[in-house]
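starting from these lines, generate the structure:
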Amino acid sequence: MSGERRLEYDKGPALEDEERAPEGTGEPDVDERDERPEPTRDGRPTVAIAPWKAGSLLGAGTFVLVFAVTYQLVGAMFATGMFARAENEPSRWVIAGLTMLGSHGATIEENGEPIRGAYAPTGLLASHVSALLPVVAFALAGCLLVRYVRLETAKDAGIALGAAVASYVILSAVLALLSTWAPEEPEFAPEADPNVIAVAVDGSLFLSTGSTAALFVALGAAIAAVPRLLRYAPIETTS
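Numbers count the residues shown, from 1 in each chain. Presented below is the predicted three-dimensional model:
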């Protein structure tokens, strides 16, 4: 018998097996876990989108909503024959544009002279009902922005708000350039320029639409943020 003693050692896993990433563990990488949207504490669904994209979509969507409802109101005006007395009856979308922008406080002019009270020669262009449409639409948009868009910091909220206001103002300026109407046809002087009713594209247009959008979007966002602030605020109790 040989006096040599054999020592047996347990062999560890091969080096190649250690270098291989474990498969089927179900644990995502750190980067993938960070990019995955996490549900809020109250189970409310949120959308992970860049703040400027969310703001731009919000401003464009609000513009379309306000114009669509205004177009419906203008259709009721045409149904009552409000503009039937005009020699050159306007199209509905032109009157909808004038009514929408006039409801914001933009200056409506006839041959460069402001129309007092936003009255057209054949009827009313803006009313108290149409003036409430942007207020309600922007307040609703601010609530949706806070509730369903993930805004991590105050900077993200500011970017989203600025993008919403900018997109709405740009679309309003384009609408102002297109919304023109000549109520009377030049019968005796065809070569003369007819009286044109249009929205003045100047600083007042940008100020009126921008201030309305910023004010009521911020108001709606603040109202929607109150429950969240109360939920996460510390509650002090006294014995």
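
for the protein, name the helix or strand with the lowest mean pLDDT.
Least confident helix or strand, the chain: helix 30-35 with a mean of 40, by mean pLDDT, DSSP states H and E.

thought residue 144 was touching residue 58?
Yes: here residue 144 reaches residue 58: they are 7.5 Å apart, a contact under C-beta atoms under 8 Å. (Each C-beta comes from the backbone N, C-alpha and C, glycine too.)

please identify which of those two sits among more neighbours.
Under the criterion of other C-beta atoms under 10 Å, the comparison of residue 144 against residue 58 puts residue 58 first, with 25 against 17.

now name the helix or strand holding the more buried one.
For residue 58, the host element (DSSP states H and E) is helix 51-79.

residue 49 now?
Using DSSP H and E, residue 49 maps to neither a helix nor a strand.

same question for residue 218.
Element membership for residue 218, per DSSP H and E: helix 203-232.

and if you look at residue 95?
Counting by DSSP H and E, the element that carries residue 95 is helix 92-103.

so which bits of that helix are buried?
Neighbour-count burial for helix 92-103, counted by 16 or more other C-beta atoms under 10 Å, picks out 92, 94-103.

got it, and stretch 170-180?
170-173, 175-176, 179.

what does that stretch rub up against?
Contact partners of stretch 170-180, identified using C-beta atoms under 8 Å, 6 or more residues apart in numbering, comprise 59-60, 63, 67, 93-94, 97-98, 100-101, 104, 106, 196-201, 205-206, 209.

now with 10 Å?
With contact meaning C-beta atoms under 10 Å, 6 or more residues apart in numbering, stretch 170-180 is reached by 56, 59-60, 62-64, 66-67, 90-91, 93-102, 104, 106, 108, 134, 196-202, 205-206, 208-210, 212-213.

quick one: buried ones out of the residues you listed?
56, 59-60, 62-63, 66-67, 90, 94-102, 104, 106, 108, 134, 197-199, 201, 205-206, 208-210, 212-213.

tilt between the helix holding residue 58 and helix 92-103?
Calculated by axes from the mean of the first three to the mean of the last three C-alpha atoms, to 10 degrees, helix 51-79 forms an angle of 110 degrees with helix 92-103.

helix 51-79 vs helix 203-232, what angle?
Using the same axes, to 10 degrees: helix 51-79 against helix 203-232 is 120 degrees.

and helix 51-79, what does it pack onto?
helix 92-103, strand 123-124, helix 128-148, helix 154-178, helix 203-232 (3 or more C-beta pairs under 10 Å, 6 or more residues apart in numbering; DSSP states H and E).

any chance of these in a markdown table, with distance to residue 72 and mean pLDDT too?
Below are those laid out as a markdown table (distance: least, C-beta to C-beta, whole Å; pLDDT from 0 to 100):
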| stretch | distance to residue 72 | mean pLDDT |
| --- | --- | --- |
| helix 92-103 | 9 | 91 |
| strand 123-124 | 16 | 60 |
| helix 128-148 | 10 | 88 |
| helix 154-178 | 16 | 92 |
| helix 203-232 | 20 | 84 |
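
for the ones you listed, which one sits closest to residue 46?
helix 128-148 (5.9 Å; C-beta to C-beta).

so residue 100 makes contact with residue 205?
No: contact between residue 100 and residue 205 fails when scored by C-beta atoms under 10 Å: they sit 11.8 Å apart.

which neighbours do those two share?
106, 172, 176, 199.

make a markdown table out of those and add distance to residue 225.
Output for those, formatted as a markdown table (distance: C-beta to C-beta, whole Å):
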| residue | distance to residue 225 |
| --- | --- |
| 106 | 30 |
| 172 | 27 |
| 176 | 33 |
| 199 | 34 |
